[in-house]
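> Quick one, what's the 3D model for this:
(2 chains)
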Amino acid sequence: MTEKYDPSVIEKKWQARWEADGLYRAVRDENKPKHYAMTMYPYPSGDLHMGHWYAMAPSDARARWMRMRGYNVLFPMGFDSFGLPAENAAIKRGIHPKEWTYANIERMRKQLRSMGAMFDWSRECITSDPSYYKWTQWFFRKFYDMGLAYKKKAPVDFCPTCNTTLAREQVWGEDRHCERCGTPVIKKDLEQWFFKITQYAEELLDFSKLNWPERVRAMQTNWIGRSEGAEVVFKTEKGHDLPIFTTRPDTLWGATFMVLAPEHPLVPELTTDDRRAEVEAYIEQATRQTEIDRLSTEKEKTGVFIGAYAINPVNNERIPIWIADYVLMTYGTGAIMAVPCGDERDFEFAQKYNLPIPVVVAPKDWDGQPFTEAYTGPGVMVNSGPFTGFPTIGKYSLDEWTPELAEQYGLPADLTPETEGRHAVTRWLEEQGIGKFAVTYRLRDWLISRQRYWGCPIPMIDCPTCGVVPVPYEDLPVLLPEDVEFMPTGESPLKFHEGFKKVTCPQCGGPAERETDTMDTFMCSSWYQYSYMDPHWKDGEKLSADDIPYNPEEGAYWLPVDQYTGGIEHATMHLLYTRFFTKAMRDMGVVNFDEPMTSLFNQGIILGEDREKMSKSRGNVIAPDDLVQQYGADTVRGYLMFGFRWDQGGPWDSTGILGVQRFLERVWELVTGPKPEAGSQTASESEVRDLRRKQHQAVRRVTNDLEEFSFNTMVAGLMEYTNALIEFKAKTPALTHTPAWDEAIRTLVLLMAPGFPHIAEEMWERLGQPYSVHQQSWPTWDEEIAKEDVIEIAVQVNGKVRDKLTLPAEVDAETARSQALAAPGVQKYLAGKTPVKVIYVPGRLVNIVVK
RNA sequence: GCCGGAGUGGCGGAACUGGCAGACGCGCACGACUCAAAAUCGUGUGAGCUUCGCUCUUGUGGGUUCGAUUCCCACCUCCGGCACCA
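The predicted structure follows:
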């Protein structure tokens, strides 16, 4: 009797052995190509859930595979351990955030180990450790020195539940709610720290050095929101410059009024006395409105005339200046020229307030009548001074301008910057000195201040005499005090911690106050791939501005990350921030590459059996710990790989996992069970060849699938191979006594090793092979051996399969054709008809076309 | 509205570069073993029909082609992102 497959025994056994042997410690080796594989680290919420397993187990399989292929692989893990839940737990249950966090880390480490992943725990980083966050602070200081960090009073998004400000990226949905707790945010005017990510906007749009999914690139491109156009300087009657940004300089002659954002700094000065009361009332109600109301496209446009006039620089026309809340101070210059005929918003506004709507761009079949709605497409410029008669392509770029589009709009196809209206006007504006080509981005600077306790302190000091003074590098880290009292209001206890707050100004030596805000936790995750180089880098040493924030010897070998995996939810936050960090690091001279992670793959989400997101309140949570206990880690890993497309995820199926369990039991029996008696039977040469062919085909398939992250088909390939071996064994017992059989079995175990590490190791040992299966070379295949020597060819008549032929693989086209024509199944379809054409697709089919 | 992605059996999902649609698995049905059940093993399993075979079938409708899940056009549905961004 074969010993039963018992994962509970073998998984513990091998996890202990691997750890004791340091099997997964990544050590630099200049003789081997390196592979830095990284999967997003978790927040230590206290329980490893299915999402973590789904993200990490297939990544681990791929990292293990790369290792067997001869790469020196680094696959680290850590904890994103600053953040709000810890503080909320403190307020609710009276546990200190530190205690809560570190207990959770302890628990999650154990759970992670049960997965049997090849994490190098010696490099574990914990972002709330001073040895980690001293570097987070060092980055802040460095950014400050580089002019990338600045403090500004601004109306910012504030979550009243989390009691803190948020970055734009952390405010989601149409109702503008907090990404974390769902509460709609409010606007607050606060002094906050920002990072100038906008300085890198153009470079962040360049994905040429990245092998990243189209989806992420599109989301980042969208988020950055680049618009090309022109900046044109209008003048007020009183002589102020009033620059505006427009994407349609070709419509300048149609500007019949201007609109400023209510917060525009020139508004108080420009407003005439007779209009002042009304204007102030409007500004008052505009600021009172929530951003939700203000940004709603449904809302009817409102605005007031401020009594002042501007001069349109292209035709010297005097046009009224209005303020309206549909113009945002935070985009462009906070002022627009309003061209009602060419912009839906301006049209609506002009209609409501009876402002003129002259036509300046005529569509193809324009009847000469006034517009009843705005026309934003390409057309011919009219009433446009020197440019009357020019074709304009509207919002298209010259690159996009195809003959088809030209045809559609009745315009010439061969347009150049000289002959196309929008480009020509921009050039002319530059010549006239009244405007210039300009680019505007939707991206805003990154707000990193958080009014919370459990985060990385901002290393800044406010001095009544010197102003804002940075904490000197050698004084880092600014330690987060532990003796704090939590307010039921949720206000940061740092604000009330005198010992933390009161400092001596490092510049003048006078009394000063420490900054009590902490940093957005996305700061921590923006550079953790560097911390893995050596998480205790320069512990106990004084820092300086000239430091490199990671161990450079390790970095020179491992960096940058070759393969990153994680959820799509970080597309415009973490993944944009970490790119920004790397570019800033390049500019400070501490890295010599431009992008942090060369390749990226996003896995999907596992839903509950009810097809809803797993959540405690829904009661549909499937806990990996329970499953590991019931089936073993290898089965759980296997089902996560096999049951879903990794990039898509999907609903959990409790019966689906049984298929993987049965598979592992079959493999176990096949590999460790007794060989059948051969008796007098011997295996024929062709049977041996068939066996070897299957082996080589399996290696090819599993290899290619792992390359493409196609874990579901990889497991399917292993199942097919196993089934084939079981069939061989049943049909030809003698085959199991050949060397080819032993090789086939060893190959199966090797192919299993990345995805099913424990059972593979155990079987490898039982086969009498040297430890460890994970240190073996990945098997290779030979196309010659993998090739079929007999092929089945479908015979079609007019595209419909009528018969099948079994032919030698090397059959020539002539033979295949004549055999097909003679096939019995096709005869009745050929009767009385003439074959017009006989198509032979080598190795696949013959199609006979008859009339 | 704009930008991405996806629609294939009862279910999860396969399908190279345009070449036999439905691999692998779940579920189900029948059979073997069993006193019985579970487990296991075997067989079958897209739909329809006038069933030794034929017809239909990859969201819908067209097109290109000897041949389309795959390429082109139009549309529908779902998911995700962005959105008064000038």
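> all contacts plus neighbour counts: C-alpha atoms, from now on.
Will do.
> Quick check: which element contains A:Ala308?
strand A:303-312 (DSSP states H and E).
> Can you name the next helix or strand after that strand?
Next along from strand A:303-312, by DSSP H and E: strand A:317-324.
> Any buried residues in that following strand, and which?
Using 16 or more other CA atoms under 10 Å as the test for burial, strand A:317-324 gives A:Arg318, A:Ile319, A:Pro320, A:Ile321, A:Trp322, A:Ile323, A:Ala324.
> And for stretch A:394-409?
A:Gly394, A:Leu405, A:Ala406, A:Tyr409.
> and stretch A:836-851, average pLDDT?
Per-residue pLDDT values across stretch A:836-851 average out to 88.
> wait, does that stretch contact RNA strand B?
Yes. Contact of stretch A:836-851 with RNA strand B (CA under 7 Å from any atom of the strand) involves A:Lys837, A:Ile839, A:Val841, A:Arg844, A:Leu845, A:Asn847, A:Val849.
> From A:Gln827, how far out is the second one?
In this structure, A:Ile839 and A:Gln827 are 17 Å apart, going by CA to CA, to the nearest Å.
> Same question for the fourth one.
Taking CA to CA as the criterion, A:Arg844 is separated from A:Gln827 by 20 Å.
> okay, these two: which has more neighbours?
The neighbour comparison of A:Arg844 against A:Gln827 (other CA atoms under 10 Å) goes to A:Gln827, with 15 against 12.
> so which helix or strand takes in the nearest residue to the more buried one once chain neighbours are set aside?
Sequence neighbours aside, A:Leu821 is the residue nearest to A:Gln827 in space, at 7.6 Å (criterion: CA to CA, 6 or more residues apart in numbering). In the assignment (DSSP H and E), A:Leu821 maps to helix A:813-822.
> Alpha carbons of that helix, as PDB, please.
The C-alpha trace of helix A:813-822 is given here as PDB (Å, rounded to 0.1, in the frame of the first residue of the first chain):
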ATOM      1  CA  ALA A 813       1.000  18.300 -50.000                       C
ATOM      2  CA  GLU A 814       0.300  16.200 -53.100                       C
ATOM      3  CA  THR A 815      -0.300  13.000 -51.100                       C
ATOM      4  CA  ALA A 816      -2.400  14.800 -48.600                       C
ATOM      5  CA  ARG A 817      -4.600  16.300 -51.300                       C
ATOM      6  CA  SER A 818      -5.100  13.100 -53.200                       C
ATOM      7  CA  GLN A 819      -5.800  11.200 -50.000                       C
ATOM      8  CA  ALA A 820      -8.300  13.800 -49.100                       C
ATOM      9  CA  LEU A 821     -10.100  13.600 -52.400                       C
ATOM     10  CA  ALA A 822     -10.300   9.900 -52.100                       C
END
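> Report whether it contacts RNA strand B.
No. Judged by CA under 7 Å from any atom of the strand, helix A:813-822 stays clear of RNA strand B, getting no closer than 13.0 Å.
> what does that helix rub up against?
For helix A:813-822, contacts defined as CA atoms under 8 Å, 6 or more residues apart in numbering pick out A:Val795, A:Leu805, A:Leu807, A:Val826, A:Gln827, A:Val838, A:Ile839, A:Tyr840, A:Pro842, A:Val846, A:Ile848.
> Setting aside sequence neighbours, what's the nearest residue to the fourth one?
Spatial nearest neighbour of A:Val826, chain neighbours left out: A:Arg802 (5.6 Å); criterion: CA to CA, 6+ apart.
> ok, the helix or strand harbouring that neighbour near RNA strand B or not?
Assigned by DSSP H and E, A:Arg802 belongs to strand A:800-808. Yes. Residues of strand A:800-808 are located near RNA strand B by CA under 7 Å from any atom of the strand, namely A:Lys800, A:Val801, A:Arg802, A:Lys804.
> for the nearest residue to A:Cys505 once chain neighbours are set aside, what are its contacts?
The shortest distance from A:Cys505 to any non-neighbouring residue, by CA to CA, 6+ apart, is to A:Ala512 (5.3 Å). By CA under 8 Å, 6+ apart, A:Ala512 lies in contact with A:Ile461, A:Asp462, A:Cys463, A:Pro464, A:Lys502, A:Val503, A:Thr504, A:Cys505.
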